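# sequence below, structure please.
(one chain, ligands or ions: 1)
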Amino acid sequence: MSSKRIDYNNPLPEFEGLKFHVDAFNERRHIQQIFPILYEEQPLTWQLYQEEITDFLTSKRKVKILDVGCGSGFWGLLLKKKFPHATVVCLDKNPLAIERTRYNALLNQLDINLVEGLYDKTLFKHNSFDLIVLTPPYHLYDPKDSNHIPLFARGGDYGLHEFYSQSIIAFAHLKTDGKILFNQMSAGLDMPDYVRFYYEKFKVGEMEFTNILPPISTLAFLKGLYGNLDSQYLIDFAKMMPMLFYTSGMYTKSKKPFSSTENTSSKSQILSQLQENWQTRIALHKEINRF
Ligand SMILES: C[S@@+](CC[C@H](N)C(=O)[O-])C[C@H]1O[C@@H](n2cnc3c(N)ncnc32)[C@H](O)[C@@H]1O
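Numbering: from 1, shown residues only. Okay, here's the model as predicted:
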């Protein structure tokens, strides 16, 4: 996969020898569209954290992985290919995503388990997963417009609600020392608001995150996206959370008091491959608003 462009028009991208059938943005738009593959979303997140994940999983005899909101099945299928001894469960609320993941599993001859439904504590045993991947939607929009936003981009209040509710459930499903891998845009005061949330909610564990792009002002992003910003909801939001972060990260559920590290400088070699920037991210979010 090229790292040189936003390739949301490619219906059959390939990565690490896997093929993924997705709904390219240049096809007919529909609200249940399956999220495409974009270099800075999934491939880069893998490159940033593959070493940690490989160190963590290869030594274990029995491994259970959960891909929450699997979309095209990117994470579940990649992780099954990399760690064939793992049991992999892919879950999505969108029935078409489950069908697409089934199709992509057949296409790549990988054996994974599929669950259709909203992510919920009662679906799986507590303390049972080694790795949980969270890639919740994080589009910023006024709630009055939510019916025009595709399912893959509806992240609830301020794009944060879905990540927070999925994190609470994932914390329960994770074994001690298990890990959450995530890719998440997050507003905040002077750091992504999810760092505050994890600290206040869980009190324990280690969070590390990478700024994929340098943080920008929330207002500048919203003006780029909406031009004349006429939503009081979004204006109030930008006042409350003035900075916007585009990140990937990993949380380890340890018993130690909560700590957080921003590791961007140590990942600079991997990040130097990146051709995308806030302008291309705004272009992507504009595409989402065209549904
Ligand atoms: C941004 S897409 C990511 C798709 C895929 N994981 C990837 O990285 O390409 C978010 C996905 O999460 C699903 N989703 C959102 N909220 C969910 C929930 N509460 N329970 C289950 N699936 C959810 C959506 O249907 C969508 O397929």
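# end to end on stretch 104-112, go ahead and measure it.
The stretch stretch 104-112 measures 11 Å between its terminal residues, going by CA to CA, to the nearest Å.
# that should have said stretch 31-49, apologies.
Across stretch 31-49, the straight-line distance between its terminal residues is 31 Å, by CA to CA.
# so for it, what gets flagged as buried?
Buried residues in stretch 31-49, defined by neighbour count with 16 or more other CB atoms under 10 Å: 33-49. Quick note: C-beta positions are derived from backbone N, CA and C, even for glycine.
# in helices only, show me those.
Secondary structure from DSSP state H places 43-49 of the buried residues of stretch 31-49 in helices.
# gap between Lys267 and the ligand?
With distances taken as CB to the nearest ligand atom, to the nearest Å, Lys267 is found 19 Å from the ligand.
# can I assume that residue is in contact with Glu51?
No: under the contact definition of CB atoms under 8 Å, Lys267 does not touch Glu51, with a separation of 10.2 Å.
# so what sits against both of the two?
Here Lys267 and Glu51 have no joint contacts, going by CB atoms under 8 Å, 6 or more residues apart in numbering.
# compare the two (neighbour count), which wins?
Neighbours around Lys267 and Glu51, counted as other CB atoms under 10 Å, are more numerous at Lys267. The numbers are 18 against 10.
# off-centre distance for the helix or strand where Val133 lies?
Assignment of secondary structure by DSSP states H and E places Val133 within strand 129-134. Going by CA atoms, centre = their mean, to the nearest Å, the spacing between the C-alpha centre of strand 129-134 and its chain's C-alpha centre is 12 Å.
# can you name the next helix or strand after it?
With elements assigned by DSSP H and E, the helix or strand that comes after strand 129-134 is helix 161-173.
# buried sites along the next helix or strand after that following helix?
Scanning the chain past helix 161-173 towards its C-terminal end, the next helix or strand to appear is strand 174-188 (assignment: DSSP H and E). Neighbour counts over strand 174-188 (16+ other CB under 10 Å) mark 174, 178-188 as buried.
# determine which two of the residues you listed are furthest apart.
The widest separation within these, taken as CB to CB, falls between Gly178 and Ala187 and amounts to 27.2 Å.
# about what we covered before: give me the subset of the buried residues of stretch 31-49 touching the ligand.
Filtering these for proximity to the ligand (criterion: CB under 6 Å from any ligand atom) leaves 35, 41-42.
# surely Leu96 meets Phe35?
No: with contact defined as CB under 8 Å, Leu96 and Phe35 do not form a contacting pair (11.0 Å).
# what does the stretch 51-200 of the chain put close to the ligand?
Counting by CB under 6 Å from any ligand atom, the stretch 51-200 of the chain comes close to the ligand at 69-72, 74-75, 91-94, 97, 118-119, 135-137, 151-152, 162.
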